[in-house]
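> Coordinates for the following, if possible.
(2 chains)
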Amino acid sequence: GQNIDQPTEMTATEGAIVQINCTYQTSGFNGLFWYQQHAGEAPTFLSYNVLDGLEEKGRFSSFLSRSKGYSYLLLKELQMKDSASYLCAVRDGRGGGFKTIFGAGTRLFVKA
Amino acid sequence: KAGVTQTPRYLIKTRGQQVTLSCSPISGHRSVSWYQQTPGQGLQFLFEYFSETQRNKGNFPGRFSGRQFSNSRSEMNVSTLELGDSALYLCASSGQETYEQYFGPGTRLTVT
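Alright, predicted model coming up:
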């Protein structure tokens, strides 16, 4: 089966660094995504990892370890606008198509 | 380039009725995926279409169906609506050369 675990909620201070962890179990792994979703809005793409290692994009970085079934999203220099849900998602490439399974999301609260 | 559009944005239906939701992907994108999002279950994968063919299906009953047209526009249909079908239905498109999914604003369905 497929299973994705991430913390339900996290709180951090403006200007700080926060790391959101995600563990997954899946067959046919074909990449791991992080999406950001503000309340009442659609998810927006943040990052994609298919090989082990760290991908950096501005204030956001994402890490993947396929052998451990583990990823994290690192947000630096937190801003109030970063308060949102962060969704970890795994793509399953079996069957020729792509099936993306999302975790329940981590609600991040950034306080002043 | 126009984003993913979904119609209608809001819908209220009664138990037992059926509903059809529409999604127009970004121009040139041939893959369209549908998701159901509820507070309790998060984002759940419904199905993925590519070039008018369903490539993957999630774990939803047969009341949920979809199709894709030659212009890549997609529709999903839910028959015999139940109260539990109340949710935000999101569609996302992706191109052949890209891995990220672009989400539409969603259709909020309320079943009374």
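
> So the residue of chain B found nearest chain A, which state does it fall into?
Residue nearest to chain A within chain B (C-beta to the nearest C-beta): residue B:55, separated by 2.6 Å. The way it works is simple: take the backbone N, C-alpha and C, and place the C-beta from them, glycine included. Classification of residue B:55 by DSSP: H, G, I helix; E, B strand; the rest coil places it in strand.

> list the contacts for it?
A:95, A:96, A:97, A:98, B:48, B:49 (C-beta atoms under 8 Å, 6 or more residues apart in numbering or on different chains).

> Pull out the buried residues from these.
A:97, A:98, B:48, B:49 (16 or more other C-beta atoms under 10 Å in any protein chain shown).

> so of those, which ones are in strands?
With DSSP state E as the criterion, strands contain B:48, B:49 from among these.

> nearest to residue B:88, of the buried ones among the contacts of residue B:55?
The closest of these to residue B:88 turns out to be residue B:48 (C-beta to C-beta; 18.1 Å).

> any idea how far that closest one is from residue B:101?
10 Å (C-beta to C-beta, to the nearest Å).

> Can you list the low-confidence ranges for the chain?
Going with chain A. A:1, A:96 (pLDDT under 70).

> Switch to chain B, please.
Residues of chain B that meet the cut-off, pLDDT under 70, sit at B:1, B:97-98.

> now the strands for it?
Remark: strands assigned in chain B by DSSP E are B:5-7, B:10-13, B:19-24, B:31-38, B:42-50, B:53-57, B:64-68, B:74-78, B:87-94, B:102-103, B:107-111.

> The fourth one pairs with which strands?
Sheet partners assigned to strand B:31-38 using DSSP bridges are listed as strand B:42-50 (antiparallel), strand B:87-94 (antiparallel).

> Also the first one?
Strand B:5-7 has its sheet partners listed here by DSSP bridges as strand B:19-24 (antiparallel).

> Next, the buried residues of the partner strand.
For strand B:19-24, the neighbour count (16+ other C-beta under 10 Å) marks B:19, B:21, B:23, B:24 as buried.

> Enumerate the residues of chain A near chain B.
A:31, A:33, A:41-45, A:48, A:50, A:87, A:89, A:91-92, A:95-105 (C-beta under 8 Å from any C-beta of the partner chain).
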